[in-house]
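[1] Just need the structure, nothing else, for what follows:
(chains A and B)
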Amino acid sequence: MLEAVRLSYKKQLSISVVIFRMTVKNIIKTRRTLFMFLISASTLLVALLYLVLRESDNMGISGYAFFAYIMGTLQIRGILLLLSVFYGSTVFSDELDRKTLVYLQSRPVSGWSLLLAKYFSSFAITAVLLVFSTTAPYLVLMAADNPADIIKNLDILGIDLLVMLLGAAAYNALMLMASILLKKPVLWGLTFTLLWENTVVNIPALINKFTLLHWLQSIFPHPAATNEFLSLLNPKPSSIQTSITMLLILTMIFLLVSGFAYRRKEFKLN
Amino acid sequence: MKTLINFENVSRWYGEVIALNDISINIPPGVTGLLGPNGAGKSTFLNLVTGRLNPSKGKVTVLGEDPRNNFKLARFYGFVPEQDAYYEKLSGLDFMTYMAQLHGFERKAAKRASMEILERHNLITHMNKPVAAYSKGMRQRIKLAQALIHDPEILYLDEPMNGMDPIGRNETIDLVKKLSSAGKTIIVSSHILHEVEAMTQQIILMHNGKILAEGIVQEIRGLIDEYPHNVIIHTDRAREMASQLLNYDDVIDINIEDKQNRLKVQSKEPEKFYQNLVATIVENGYNVTYIDSPDDNLQSVFKYLVK
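    Model (predicted):
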């Protein structure tokens, strides 16, 4: 009887799409997403606040410089990490917490189809919010200086978006892996990103290469914000090509480990 | 007999706690009741056949295949988990459609199949309500419905009647019988003996991770040589009948309750006893209004076995 079963890649792909759609639909309806939207809108709010203050205090910083500042502080070291931690680590563990994983595991759905669908769901939501939190302040700040700057600096925006998408891909894969391997993945994720990533990235020599942030900042077109003491350490960036390659390889590794861990692990729902 | 599910010296432990202890069993087609108190190993048994757990030792096969990480097998079975777990915000129809789509149904076909099965389970009028608003009985029914959406050959039901009202229970029992007569193989676990008895005579008695007995109820009782068989008889002349029944060598004890004209007889050979009883009634013209054997209820067998 089993020999007659054909579960083609095409079928598995269509099942993955079903899980992807359902997961995205569920994520959008959560309060978490409202909270995450407010977090990602903070770049726009800061940009607007800056424009109001610039008018009244006659500040000398250009809109472009302030955009670079927002990207280097809020965006790459805060919003990117928070969104990835919350979506990447909960997209799978939500199924465990509400014990609905049993329905997925008693369907002809391969582990890879399930995990990739979950991964792309969290990546898609994170990416959409990051595109918003990058593009909105860009448009506002460039337009305030000179509307022609919107077109002039599109290459910078493009690189910013590329960095955000690469970052979302890598961190979401890492958090998916954490949610399969560890209990309390959100806690681990926050500890890892906010403490390890933000600190170790400033340590020179080989050590900072043990962070994803190092590879992202090497592509980043703006100076990354750091405190005075850490800036004395003067960590050197890697080449852009190496950084992109490393980020893609690490994303693949995290996904592969997630897949193999999922196959080996027994998920107890009682 | 054709075997669908096979356990070969299977043990499973969680840390130092043993959940299943060296179980070897073949499960044939038909309805099989998995019976035992909480912690007997029933859910572990079902998690092993659905491939959600690995045996610590031994081998499990379903349709000749190892079920672990074998998602192809899911085409052939439906699983009703014990957990009260749902996508709470989804409507009943959306939940069912999602479950059908995961079996490879196209969206339209999935919706159509879902509506049919919701109709069959008396949930059609509630199909647009979120599952969170369902009563306990409705939640159990939709859990059963999702397992049937793809018309599986094998059905695993883990405590399917928990929380159901008597009508729901009867409907579920009828459904199991109907599915069985349609040729499906069903394994149903329960800790409530009369529920299982109402669905099947083919049972596996489990306790502390071990199989205490397997077979049909009568066979299981036959295994228990020393276990006395109880028969309760209501008759117009209880004392007179008691004195006659005591002459039979298989009868080991009789209690008489005069006010109710009620006898409680213990026999060590039930088959022989029933033959003698019929002869006694006919020959002496007793007016017997009631005969019952509490032993036919699995509770008695189970209590005895776990002593």
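[2] now for the helix or strand where A:F120 lies, which elements pack on it?
    Secondary structure from DSSP states H and E places A:F120 in helix A:111-145. Secondary-structure packing of helix A:111-145 (3 or more CB pairs under 8 Å, 6 or more residues apart in numbering or on different chains; DSSP states H and E): helix A:9-28, helix A:31-40, helix A:42-57, helix A:63-70, helix A:80-97, helix A:148-152, helix A:154-181, helix A:240-264. Yep, even glycine has a C-beta here, placed from its N, CA and C like the rest.
[3] Quick one: those helices as JSON lines, columns for mean neighbour count and mean pLDDT too.
    Shown next, in JSON lines, are the helices and strands packed on helix A:111-145 (neighbours: other CB atoms under 10 Å in any protein chain shown; pLDDT from 0 to 100):
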{"stretch": "helix A:9-28", "mean neighbour count": "17", "mean pLDDT": "92"}
{"stretch": "helix A:31-40", "mean neighbour count": "15", "mean pLDDT": "94"}
{"stretch": "helix A:42-57", "mean neighbour count": "15", "mean pLDDT": "89"}
{"stretch": "helix A:63-70", "mean neighbour count": "20", "mean pLDDT": "91"}
{"stretch": "helix A:80-97", "mean neighbour count": "24", "mean pLDDT": "94"}
{"stretch": "helix A:148-152", "mean neighbour count": "13", "mean pLDDT": "90"}
{"stretch": "helix A:154-181", "mean neighbour count": "22", "mean pLDDT": "96"}
{"stretch": "helix A:240-264", "mean neighbour count": "17", "mean pLDDT": "96"}
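[4] Figure out which of the ones you listed is closest to B:V217.
    helix A:80-97 (39.2 Å; CB to CB).
[5] Does chain B have contacts with the closest one?
    No: Helix A:80-97 stays clear of chain B (CB under 8 Å from any CB of the partner chain), getting no nearer than 9.5 Å.
[6] to the chain's geometric centre, what's the distance from that helix?
    Computed by CA atoms, centre = their mean, to the nearest Å, the chain-centroid distance of helix A:80-97 equals 11 Å.
[7] and the stretch 51-200 of chain B, which residues reach chain A?
    Counting by CB under 8 Å from any CB, the residues of the stretch 51-200 of chain B that sit close to chain A are B:51-54, B:63-65, B:69, B:71-79, B:81-83, B:85-89, B:98-99, B:101-104, B:146-147, B:153.
[8] among these, which are in helices?
    B:Y98, B:M99, B:Q101, B:Q146, B:A147 (DSSP state H).
[9] who's B:V17 bridged to?
    Applying DSSP bridges to B:V17 yields these beta-bridge partners: B:Y14.
[10] actually B:N230, not the one I typed
    Counting by DSSP bridges, B:N230 is bridged to B:Q266.
[11] measure it to B:Q244 for me?
    Noted for B:N230: a distance of 18 Å to B:Q244, by CB to CB, to the nearest Å.
[12] re earlier: between helix A:31-40 and the helix holding A:F120, find me the angle.
    Orientation of helix A:111-145 against helix A:31-40 (axes from the mean of the first three to the mean of the last three CA atoms, to 10 degrees) gives an angle of 30 degrees.
[13] now, which of the ones in helices among the residues of the stretch 51-200 of chain B next to chain A sits nearest chain A?
    B:Q101 (4.4 Å; CB to the nearest CB).
[14] So that closest one is in contact with A:I15, correct?
    Yes: applying CB atoms under 8 Å as the test, B:Q101 and A:I15 come out as touching, 7.3 Å apart.
[15] Can you report phi and psi for B:P55?
    Phi and psi for B:P55, reported as degrees, to the nearest 10, are phi -70, psi 140.
[16] are any of the residues of the stretch 51-200 of chain B next to chain A buried, and which?
    Among these, those classed as buried by 16 or more other CB atoms under 10 Å in any protein chain shown are B:51-53, B:63, B:71-79, B:81-83, B:85-87, B:98-99, B:101-104, B:146-147.
[17] Flag the shaky bits of the stretch 151-300 of chain B, pLDDT-wise.
    B:218, B:220-227, B:295-300 (pLDDT under 70).
[18] now the helices for it?
    Ranges of helices in the stretch 151-300 of chain B, per DSSP state H, counting those that start in this stretch, are B:166-181, B:193-199, B:217-223, B:238-245, B:270-284, B:298-305.
[19] Nearest to A:L216, out of the ones you listed?
    Once the helices of the stretch 151-300 of chain B are compared by CB to CB, helix B:166-181 is nearest, at 55.6 Å.
[20] if we can go back for a sec, make JSON lines from the helices of the stretch 151-300 of chain B and add mean neighbour count to it.
    Converted to JSON lines, those look like this (neighbours: other CB atoms under 10 Å in any protein chain shown):
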{"stretch": "helix B:166-181", "mean neighbour count": "16"}
{"stretch": "helix B:193-199", "mean neighbour count": "21"}
{"stretch": "helix B:217-223", "mean neighbour count": "16"}
{"stretch": "helix B:238-245", "mean neighbour count": "17"}
{"stretch": "helix B:270-284", "mean neighbour count": "15"}
{"stretch": "helix B:298-305", "mean neighbour count": "18"}
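[21] looking at these, which is closest to B:N208?
    Between the helices of the stretch 151-300 of chain B, helix B:298-305 lies closest to B:N208; by CB to CB that is 11.4 Å.
[22] who's B:T61 bridged to?
    Beta-bridge partners, per DSSP bridges, of B:T61: B:N6.
[23] Mind telling me which residue of the stretch 101-250 of chain B is nearest chain A?
    B:L102 (4.0 Å).
[24] Might you quantify the distance of the helix holding A:F120 from its chain's geometric centre?
    8 Å.
[25] for stretch A:148-157, same thing?
    With CA atoms, centre = their mean, you get 23 Å for stretch A:148-157.
[26] now stretch B:191-211
    5 Å.
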